[in-house]
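Student: Just to be clear, the model below is a prediction. Sequence and coordinates:
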Amino acid sequence: MNEDAIALAKKIKIRLEYYQKQRQYSQIAKLITYSLQLLPSNYNQQIFGYIPNLFSQVELDLSIPIQPEKLSIGVPVVYKIYYPAQQKLYGIPYFYLFCYLKENSEQLNVYFQSAHPQFKNLSPDKYYLNQSTINFEGAMSAFNPHNLSVISISDPGHFIPGLTSSYYAGSAELNFTELIARLLEQICNLANISLSNTMLFGSSAGSFGALLSSTYLKQKTNVLAVNSQIYLQNRNNLMKSLFGINQPQQLLKKFGNQISCNYRFKQDLKVVPNIYILANINDHLHQRNFNFYQLYLSRFTQKGLDNQSVFDSYYGIEGHGRPETASLKAKIEIARKILMMKSY
């Protein structure tokens, strides 16, 4: 690190401390954007620490409608969302949602957090912001300069001890993807954002959640699905842990709308999303993604239905590797242009 960069880091640190004292959260977000563009990640880590802790935390109870005064516009915030009727998912009565609704924004990006091995040993007692252990997928993208609003959902399913993720399947009592859809609708309505201008994005488990949630919305939206799991009924150990059933056909009969995109998209759906399926050729999920895309084409692309769809591939590492950051950002931009038939 050269002397100029060291001097810049010191200036940014001083400015951050000033904004924190003044509680100027939107300025903190802009400062993070500026610093991320100019300084290496290790310096940013030293300056900002665990970034979600820099912003306010607001509690919401889904047993009642969200009140307009609870919605923070123009200022990044972390919402602590309590499930309705005092329900719990894996012993946890709430989940976190990072939300940055910008002033005068017409579009929304929703990032669904995806599976990652680092969460396998993270237990429910670590599921607190002050533990600095919760990763908000896409949170950094919330501070981009263009006028997009961004919501990043933290999936509590990551924190089942010994399991990587719930893959948004929820539980026998709670359909997590449907709940997310209802929550997004409330936020979009209060913020005057159209779901048709919104893009749900996730990788692996996250895109599974995005695809399923999109079918519970009342209005068409757009989904960029990267290496989606598509269905889970054959994950016997996981399904046994979540639902107490490890017989695929029995699972589909009872919980097909929660555990299988194939099953859900064969139903008589009132709304289907525009989709952009991005698959890693070196990944064993590639064929599943393509099979799902063919199902979508056969059911939802007949003349007059006005559905946009794309199947795209890239060469990544074996496993759930996604494109490198610059390429992924480019794909997000391409997906927006194609699925909404316009450029932002």
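Tutor: Cool, got the structure.
Student: tell me the contacts of residue 177?
Tutor: By CB atoms under 8 Å, 6 or more residues apart in numbering, the contact list for residue 177 reads 168, 170, 209, 212, 213, 216, 258. C-beta coordinates here come from the backbone N, C-alpha and C atoms, glycine included.
Student: if you skip the residues just before and after it, what's nearest to residue 212?
Tutor: Leaving aside its sequence neighbours, residue 212 sits nearest to residue 177 (CB to CB, 6 or more residues apart in numbering; 4.0 Å).
Student: Surely that neighbour is in a helix?
Tutor: Yes - assessed by DSSP: H, G, I helix; E, B strand; the rest coil, residue 177 belongs to a helix.
Student: got a pLDDT number for it?
Tutor: pLDDT recorded at residue 177 is 94.
Student: Mind giving me the packing neighbours of the helix or strand encompassing residue 253?
Tutor: For residue 253, the element it lies in under DSSP states H and E is helix 248-259. Packing contacts for helix 248-259, counted by 3 or more CB pairs under 8 Å, 6 or more residues apart in numbering; DSSP states H and E, involve helix 236-243, helix 261-265.
Student: Show me what counts as buried in that helix.
Tutor: 248, 251, 252, 255, 256, 257, 258, 259 (16 or more other CB atoms under 10 Å).
Student: roughly how far out does it sit from the chain middle?
Tutor: 23 Å (CA atoms, centre = their mean, to the nearest Å).
Student: Wait, residue 99 touches residue 76, no?
Tutor: Yes - between residue 99 and residue 76 there is a contact under CB atoms under 8 Å: 7.3 Å.
Student: residues near residue 37, how many?
Tutor: Other residues near residue 37 come to 9 when the count uses other CB atoms under 10 Å.
Student: Let me know the next secondary structure element after the helix or strand that contains it.
Tutor: Assigned by DSSP H and E, residue 37 belongs to helix 25-38. Downstream of helix 25-38, the first helix or strand assigned by DSSP H and E is helix 41-48.
Student: what about residue 13, which SS state?
Tutor: The three-state assignment at residue 13 reads helix, by three-state DSSP.
Student: Surely it touches residue 49?
Tutor: No - judged on CB under 8 Å, residue 13 makes no contact with residue 49 at a distance of 10.9 Å.
Student: Could I get the full set of strands for the protein?
Tutor: In the chain, the segments counted as strands under DSSP state E are 56-61, 77-82, 94-100, 107-112, 148-153, 198-203, 222-226, 274-280, 309-314.
Student: Could you pull up phi and psi at residue 168?
Tutor: With angles defined as degrees, to the nearest 10, residue 168 sits at phi 60, psi 20.
Student: got it, and the one 3 residues further on?
Tutor: Backbone torsions for residue 171, taken as degrees, to the nearest 10, come to phi -150, psi -180.
Student: Tell me who's in contact with it.
Tutor: Here residue 171 is in contact with 89, 90, 242, 243 (CB under 8 Å, 6+ apart).
Student: got a list of what the closest residue to residue 319 other than its chain neighbours touches?
Tutor: Leaving aside its sequence neighbours, residue 319 sits nearest to residue 283 (CB to CB, 6+ apart; 6.6 Å). By CB under 8 Å, 6+ apart, residue 283 lies in contact with 227, 316, 318, 319, 320, 321.
Student: Tell me the spacing between residue 283 and residue 256.
Tutor: As judged by CB to CB, to the nearest Å, residue 283 and residue 256 stand 24 Å apart.
Student: do the same with residue 208
Tutor: To residue 256, residue 208 is 14 Å away according to CB to CB.
Student: One more: residue 173?
Tutor: According to CB to CB, residue 173 and residue 256 sit 16 Å apart.
Student: which residues touch the closest residue to residue 260 other than its chain neighbours?
Tutor: Spatial nearest neighbour of residue 260, chain neighbours left out: residue 231 (3.9 Å); criterion: CB to CB, 6+ apart. Counting by CB under 8 Å, 6+ apart, residue 231 touches 259, 260, 261, 262, 263, 288.
Student: May I see the domains of the protein written out as residue ranges?
Tutor: 1-49, 56-339 (automatic domain parsing).
Student: Please identify the deepest-packed of these.
Tutor: Greatest average neighbour count among the domains of the chain goes to domain 56-339 (a mean of 19), per mean count of other CB atoms under 10 Å.
Student: Would you enumerate the residues in contact with the spatially most central residue of the chain?
Tutor: Taking CA atoms, centre = their mean as the criterion, residue 112 is the residue nearest the geometric centre of the chain, at 1.5 Å. Residues near residue 112 by CB under 8 Å, 6+ apart: 137, 153, 155, 168, 180, 200-202, 205-207, 209-210, 213.
Student: Okay, and the beta partners of it?
Tutor: For residue 112, the beta-bridge partners under DSSP bridges are residue 153, residue 202.
Student: Contacts only, for residue 259.
Tutor: 169, 231, 232, 233, 239, 243, 251, 252.
Student: Where does pLDDT dip in this structure?
Tutor: 1, 320, 342-344 (pLDDT under 70).
Student: hmm, back to that, the helices and strands packed on helix 248-259: which one's closest to residue 271?
Tutor: When the helices and strands packed on helix 248-259 are compared by CB to CB, helix 261-265 sits nearest residue 271, at 11.5 Å.
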